[in-house]
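Q: Generate coordinates for the sequence data below:
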Amino acid sequence: MATTALASEWKALSDRLTKALNLAVRPIFLAFQSERPEGVRQFDAAMSAPTPDGRTGRVSASCVFWVEASRDQGAFVTVPEDHGNCSVGVLVHGFGSLENVAGNDDVAALFASGWVTPEMVPTIPVVSTRPGAITYGRLEAVPAGVDPDVVMLRVNGRQMMILSDAVPGLRIEGKPQCHIIAVAKEQGVPAASLGCAVSRARTGMRPDEMTCAFPAGTFAEIVDQIEATAATDSVVAKYAADDARRFST
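A: This is a model prediction of the structure:
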């Protein structure tokens, strides 16, 4: 499926996937662009006061935009400075290099805690080309003229079980949670994250939630696979439930 699909096609895929997995949170999209698209509202929360090391942004971390996008308020566009409070997000989304963020206080705190080491940072997948803007929104409401790069889901353990069977090559990753965006966009590989302490604290995601990121270009085929696997699981789950009744008292 080309990323230039019609909005109605994205909505149909969103509806099918939501039904197949019984999602509590609708799928969202991310579109990386060289400049702001016309006709999409700017995310306009107030910029935070700068920290001593100069970090500022409209939210505490880039992953917070996932939560904002899942709300039924239409798509919105962000620009690099909107993401500036979280150095990890700046690095992963291609807004700055390791050299740009290495001296920041939040990076120092992560190193000091042992959460990551300096040797680990260069291995984190990142977006290779600096975007001029990133547009977010529900997949069911992709604006005209916007081509998604990544589709993202928030899932529970049962839904992850289906995805792990349905999606060949699905990578199961850990921290930082946001790097699965870069894996899906740059490598064209579906990736899931168990989450990370930093992102969970900033987004308020539930303890049972995990995330998955899919390359938009192959998303239609992925939805086909998920529907088939979910249907099969329903059949065997019904059999198992019926069989288990023999042991009820």
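Q: what about the helices in this structure?
A: With DSSP state H as the criterion, the chain has helices at 7-21, 64-70, 87-92, 98-101, 105-113, 157-166, 179-187, 197-203, 219-244.
Q: Is it correct that Gly89 is in contact with Ser62?
A: Yes: the criterion here is C-beta atoms under 8 Å, and Gly89 meets it with Ser62 at 3.3 Å. (C-beta placed from N, C-alpha, C; glycine too.)
Q: list the residues that contact both of those two?
A: Here Gly89 and Ser62 have 83, 178 as joint contacts, going by C-beta atoms under 8 Å, 6 or more residues apart in numbering.
Q: if we can go back for a sec, any idea which of the helices of the chain gets closest to Pro125?
A: Closest to Pro125 of the helices of the chain, according to C-beta to C-beta: helix 179-187, at 4.1 Å.
Q: any idea how far the closest one is from the chain center?
A: The chain centroid and the centroid of helix 179-187 are separated by 9 Å, computed with C-alpha atoms, centre = their mean, to the nearest Å.
Q: the inter-axis angle of it versus helix 219-244?
A: 130 degrees (axes from the mean of the first three to the mean of the last three C-alpha atoms, to 10 degrees).
Q: which strands and helices sit next to helix 179-187?
A: With contacts taken as 3 or more C-beta pairs under 8 Å, 6 or more residues apart in numbering; DSSP states H and E, helix 179-187 sits against strand 28-33, helix 87-92, strand 150-155, strand 171-173, strand 191-193, strand 210-215.
Q: most packed of these?
A: Across the helices and strands packed on helix 179-187, averaging neighbours per residue (mean count of other C-beta atoms under 10 Å) puts helix 87-92 on top, at a mean of 26.
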